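K.L.:
Here's a sequence, model it:
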Amino acid sequence: MEQIYLTIVLAPLLGAVVAGLFRNQVGRAGAHWAAIGGVGVACALSFYVLKLHAIDGAPADNVSVYTWMVSDGLRFEIGFLVDRLTAMMMAVVTFVSLMVHIYTIGYMHEEEGYQRFFSYIALFTFSMLMLVMSNNFLQLFFGWEAVGLVSYLLIGFYFKRESAIFANLKAFLVNRVGDFGFILGIAAVAMYFNSLDYHEVFAKAPELADTRIRILGDTEWSLMTVIGVLLFIGAMGKSAQVPLHVWLPDSMEGPTPISALIHAATMVTAGIFMVARMSPLYELSEAALSFVLVIGATTAFFTGLIGIVQNDIKRVVAYSTLSQLGVMVTALGASAYAAGVFHLMTHAFFKALLFLAAGSVIMGMHHDQDIRNMGGIRRRMPITYWTSLLGSLALIGFPGFSGFFSKDVIIEAVRHATLPGAGYAYVLLVMGVFVTALYSFRMFFLVFHGEGPRDHHAAAHLHESPAVVTVPLILLAIPSVVIGYLTVGDMVFGDYFKGVLTVRPEHDVLAQIGRDFHGAGAFVLHGMSGLPFFLAMGGLAVAAYVYLYNPSIADWIKARFGVVYDVLDRKYGFDEFNQAVFAAGSRALGRALWQGGDRAVIDGVIVDGSAKAVGWLAGVVRHLQTGYLYHYAIAMILGLIAFLAWFVIH
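P.N.:
Model prediction:
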């Protein structure tokens, strides 16, 4: 199996090398076939691994491939931990990535840097596979930073645009804030556990559950709380949780395929996967769980509200991603790890579908992304229309669709949770259901219904995208509809994650819900009588009435509640705050260090000062070199007398 695991991670890397380093030799077609071939091999083998673990019941594999270094008993290794969680993540990551690779042929066919883009997205897939397959914190951190690096390159793919350079720098800097906490958490693990191997750390964790440490002063902190919070700060950056969420909407500056890849099953879900993998540590700290719970619920509701006022089609879907990531994080904080990971899986399919469908619309509209300029597209782009409808229904949790099962389970889990902050989280999640339906179908109705695009030239040339674009849409639409129905019983209420995810009995809210679970069909019928269903249908109905039958209401609301609209349009002022405090503060600090430190101390004292001192000393010494022999003789005699006097005295 070790050879299979190595092939899975190295095949996309090989494709990236061929497409990137040999782009001139292989050309455009050779580059995309190399990248697609590498990811296709990884995808096929990942599904084989999933079959072995999910269907055949193969035990977890913990394989050490290479020992890089041993320092004072601490081993730094490259290895793979492949269990049912890993197998599911591998299959989702490679399948969504493969769909994005195929789609890219159609979307990027006229773009410069075609080979470079394929090299980047194949490298992105390799990085994510290294992350999810790791069996130790060192390799986890490598994959963590690698996806961050490649996302920086992809967000700034159009490097001649100032907005793209600003966006990728913003993403890089915000993630550095989160990663600082993340590496401190890993350092704490190494310090107190003297190991970076998952198996050893998880086995030793109960022994250190009551350990208290001092960070500043005499205040004692729970070791598990400190580790849990520090690791989650890393997840806040990578999975875009408030207040480290500000980079994600701006990542739309990259091409649409990478928006789908970043926002669906790869980079932003790394934090969700990491917290689920670390469940044996988080279960030992209710404070850390409550912190996760509150941050997730806050992100889920308040970023969803921003989606209502967005007019860029990609940004609407981006804020949807922020909100859904918050839902996943809330599930993790409620100890419903299986439900959070289950929503990660279902969300990967329908969110990738919505992004790629948005890209299809953008292609049809000649790269106009403003939904106010669209309308009536359903008649010219039927495949894009129907797949977008299926993705939108899955997103809002329409009964029977994949999103219905995962979101309803999470809401019920939070309702049963007893951790501090659970009541707050439940209220925000329930209200968020209405908000999600409202912004999702606001976008859907404005784009696909109505009279038609305002640009008559664009309307005249509007047509369905080529098959290389629509086939991935269809293939993603299928799991968006059925995957939840097929897997909810095993993944959430069954034994799929038994021995993989750790949940203490007093935190096991899914077990409480599972007592009343009698199959997916009964779950649908029960859900249709619950509050979330009526709120979702209410949001859909409001969107239909306002944006299909009485659009003037939207203008009236905007005029009447202009302050609220302005707050949402300004994204609660996070960007202004960061610019005024952190960006301006950093520049001011830099100027102070340059003027007071560099110019005054380094240049003025050390460099220029030493040069002036040497010059002064040289000027003094120069007067001693007269060239007259009797001056030197007198100096020698005086020196000899002084030496003899010192000798006689001492």
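K.L.:
just checking, Gly397 touches Phe404?
P.N.:
Yes - the criterion here is C-beta atoms under 8 Å, and Gly397 meets it with Phe404 at 4.4 Å. C-betas here are computed from N, CA, C, even on glycine.
K.L.:
Just the CA trace of stretch 91-106, in PDB.
P.N.:
Taking C-alpha atoms only, stretch 91-106 is exported to PDB below (Å, rounded to 0.1, in the frame of the first residue of the first chain):
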ATOM      1  CA  ALA A  91     -11.400  11.000  -2.800                       C
ATOM      2  CA  VAL A  92     -13.200  14.400  -2.400                       C
ATOM      3  CA  VAL A  93     -10.000  16.500  -3.000                       C
ATOM      4  CA  THR A  94      -8.900  14.600  -6.000                       C
ATOM      5  CA  PHE A  95     -12.400  14.300  -7.600                       C
ATOM      6  CA  VAL A  96     -13.100  18.000  -7.200                       C
ATOM      7  CA  SER A  97      -9.600  18.900  -8.400                       C
ATOM      8  CA  LEU A  98     -10.000  16.600 -11.500                       C
ATOM      9  CA  MET A  99     -13.300  18.400 -12.400                       C
ATOM     10  CA  VAL A 100     -11.600  21.800 -12.000                       C
ATOM     11  CA  HIS A 101      -8.700  20.600 -14.200                       C
ATOM     12  CA  ILE A 102     -11.000  19.500 -17.000                       C
ATOM     13  CA  TYR A 103     -13.100  22.600 -16.700                       C
ATOM     14  CA  THR A 104     -10.000  24.800 -16.900                       C
ATOM     15  CA  ILE A 105      -9.300  23.600 -20.500                       C
ATOM     16  CA  GLY A 106     -12.500  25.500 -21.600                       C
END
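K.L.:
tell me the mean pLDDT for it?
P.N.:
Stretch 91-106 shows a mean pLDDT of 92.
K.L.:
May I see the buried residues of that stretch?
P.N.:
Neighbour counts using 16 or more other C-beta atoms under 10 Å place 91-106 of stretch 91-106 among the buried residues.
K.L.:
now swap in stretch 164-184 and tell me
P.N.:
Across stretch 164-184, burial judged by 16+ other C-beta under 10 Å covers 164, 167-168, 170-175, 177-179, 181-184.
K.L.:
most centrally placed residue in this structure?
P.N.:
Compute the mean C-alpha point of the chain, and by C-alpha atoms, centre = their mean the closest residue is Val268, 2.1 Å away.
K.L.:
Let's verify it: helix, strand, or coil?
P.N.:
Using DSSP: H, G, I helix; E, B strand; the rest coil, the structure places Val268 in helix.
K.L.:
So which elements touch the host helix or strand of Tyr192?
P.N.:
According to DSSP states H and E, Tyr192 maps onto helix 162-193. When contacts are defined as 3 or more C-beta pairs under 8 Å, 6 or more residues apart in numbering; DSSP states H and E, helix 162-193 sits against helix 137-155, helix 198-204, helix 223-238, helix 247-250.
K.L.:
which parts of the last one are buried?
P.N.:
By neighbour count on 16+ other C-beta under 10 Å, the buried set for helix 247-250 is Trp247, Leu248, Pro249, Asp250.
K.L.:
Closest to Val435 out of these?
P.N.:
Closest approach between the buried residues of helix 247-250 and Val435, by C-beta to C-beta: Pro249, at 16.3 Å.
K.L.:
so who does that closest one touch?
P.N.:
When contacts are counted by C-beta atoms under 8 Å, 6 or more residues apart in numbering, Pro249 touches Arg315, Ala318, Tyr319, Leu322, Lys571.
K.L.:
Could you report the neighbour count for the closest residue to Tyr198 other than its chain neighbours?
P.N.:
Spatial nearest neighbour of Tyr198, excluding adjacent residues (C-beta to C-beta, 6 or more residues apart in numbering): Asn135 at 5.5 Å. Asn135 has 25 neighbouring residues, counting by other C-beta atoms under 10 Å.
K.L.:
how about Asn135, phi and psi?
P.N.:
With angles defined as degrees, to the nearest 10, Asn135 sits at phi -110, psi 10.
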